[in-house]
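*Asks:* For reference, the sequence and a predicted model appear below.
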Amino acid sequence: MTRVALLVGSLRTDSLNLKLAKNLTKLAPPDLEFDFVQIGDLPLFNEDLDTDTPPEAWARFRSDVAAADAVLFVTPEYNRSVPAAIKNALDVGSRPYGHSVWDGKPAGIVTGSPSGLGGFGANHHLRQPLVFLNMPTMQQPEAYIGNLGQMFDENENIVTEGTEDFLKSWMEAYAAWVKSHI
């Protein structure tokens, strides 16, 4: 079984990207096991706090990501970039220097938006720090999921034609990507 840390960039209780992430886990091959790693409680990274006893949320987060074989980011786009919570999680996980929990973990990125662009800017912006963090990130197929506001029924199931098939094939490609990099 391959453990995947799943980070959702939207912190809202009724987040469309959280609904998307939950559906992705249902469509994934059965040999992937997903751990939703919380990022909303992480204090902003401040090196002064990174002592022998860092904030408990940082220690929990670092442990959760370190235990994973791979990482999947599912995030909206905020102002043509990633939400601050995702950037903060990257920073917290990359420290202390020389002990990054990201190093070498294969990654995948799915971005979603209520608009038609599907988070294109966030998807590409997130790739920049992942290169520095030494996370081989799946390039193809890309996943920019637009019109999330119309995608789910009252039970959070995908109802837009063709979307479930696309996401299932994306998850199969992601699983193969992960296997080739662990």
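*Replies:* Good, I have the coordinates.
*Asks:* C-alpha from now on. contacts and neighbour counts both.
*Replies:* Fine.
*Asks:* Which helix or which strand is home to the residue positioned nearest the centre of the chain?
*Replies:* In the chain, the residue lying closest to the centroid (Cα atoms, centre = their mean) is residue 73, at 1.2 Å. Here residue 73 is covered by strand 70-75, with elements defined by DSSP states H and E.
*Asks:* swap in residue 86?
*Replies:* Using DSSP H and E, the element containing residue 86 is helix 84-93.
*Asks:* same deal with residue 4?
*Replies:* With DSSP H and E as the criterion, the answer for residue 4 is strand 2-8.
*Asks:* and the angle from that strand to helix 84-93?
*Replies:* Using axes from the mean of the first three to the mean of the last three Cα atoms, to 10 degrees, the interaxial angle of strand 2-8 with respect to helix 84-93 works out to 130 degrees.
*Asks:* Between strand 2-8 and the helix or strand following strand 2-8, find me the angle.
*Replies:* Sequence order places helix 16-27 as the next helix or strand after strand 2-8, per DSSP H and E. With the same axes, to 10 degrees as the criterion, the two stretches helix 16-27 and strand 2-8 enclose an angle of 160 degrees.
*Asks:* could you dump whichever helix or strand comes after helix 16-27 to CSV, C-alpha only?
*Replies:* Sequence-wise, the next helix or strand beyond helix 16-27 is strand 32-36, with elements assigned using DSSP H and E. What follows is the C-alpha trace of strand 32-36 in CSV, where atoms were taken according to Å, rounded to 0.1, in the frame of the first residue of the first chain:
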residue,chain,number,x,y,z
LEU,A,32,-3.2,4.2,-2.8
GLU,A,33,-4.1,5.1,0.7
PHE,A,34,-4.8,8.8,1.4
ASP,A,35,-4.2,10.7,4.6
PHE,A,36,-5.8,14.2,4.6
